[in-house]
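Enquirer: just coords:
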């Protein structure tokens, strides 16, 4: 559904706040039973909208956690945004589009991020899989699609990490700036 946000960089703080709250609510209200992994549910959230550029298929903002949300502490109701369209997020959006019959196997899907970077993906195969739950309690089959993603990445830093033997914080620290407490 529509949460009343335009996917623009200047709305980043509110996109991250609402996205993190929705993601945690989904984890709490809709537990996931993954057939192979202990997985609590969505660990990223993708907001989607029509693209800004008509060359692209869609636009997104991907919200990731930067701490643990505590409903009793509004200062923790935040996250951070991916500068890329996110490979995992783009794959999820393509799988949903395939399920809705708006994307076909082999069709290019150009996905722009909230800052305008672009990944190109396509679905190359549909598969069916039979599995048994980890505890052996049930068996089922599922349908999935195999994606391919391409894009560009850039080196943003070279860093030498130095640890002085007398450093009182050898494992780092956090302060109440962007990191949830």
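Expert: Thanks, I have it. Because the structure is a prediction, the values reported are computed rather than measured.
Enquirer: Please, where are all the strands along this structure?
Expert: For the chain, the strands defined by DSSP state E cover 44-49, 58-64, 80-81, 109-112, 118-132, 139-150.
Enquirer: And these: which comes nearest residue 174?
Expert: strand 80-81 (13.8 Å; C-beta to C-beta). Glycine gets a C-beta too; all of them are placed from N, C-alpha and C.
Enquirer: Just grab the bridge partners of residue 128 for me.
Expert: Note on residue 128: beta-bridge partners by DSSP bridges are residue 143.
Enquirer: I would like the residues contacting the lowest-mean-pLDDT helix or strand in the chain, please.
Expert: When the helices and strands of the chain are scored by mean pLDDT, DSSP states H and E, strand 139-150 comes last with a mean of 87. Contact partners of strand 139-150, identified using C-beta atoms under 8 Å, 6 or more residues apart in numbering, comprise 35, 87, 90-91, 94-95, 98, 105, 119-133.
Enquirer: hmm, back to that, of the strands of the chain, which is nearest residue 19?
Expert: strand 58-64 (3.0 Å).
Enquirer: Counting neighbours, which bits of the longest helix along the chain end up buried?
Expert: Counting residues, the longest helix in the chain under DSSP state H turns out to be helix 12-29. Buried residues in helix 12-29, defined by neighbour count with 16 or more other C-beta atoms under 10 Å: 12, 15, 16, 17, 18, 19, 20, 21, 22, 23, 24, 27.
Enquirer: Cheers, nothing more for now.
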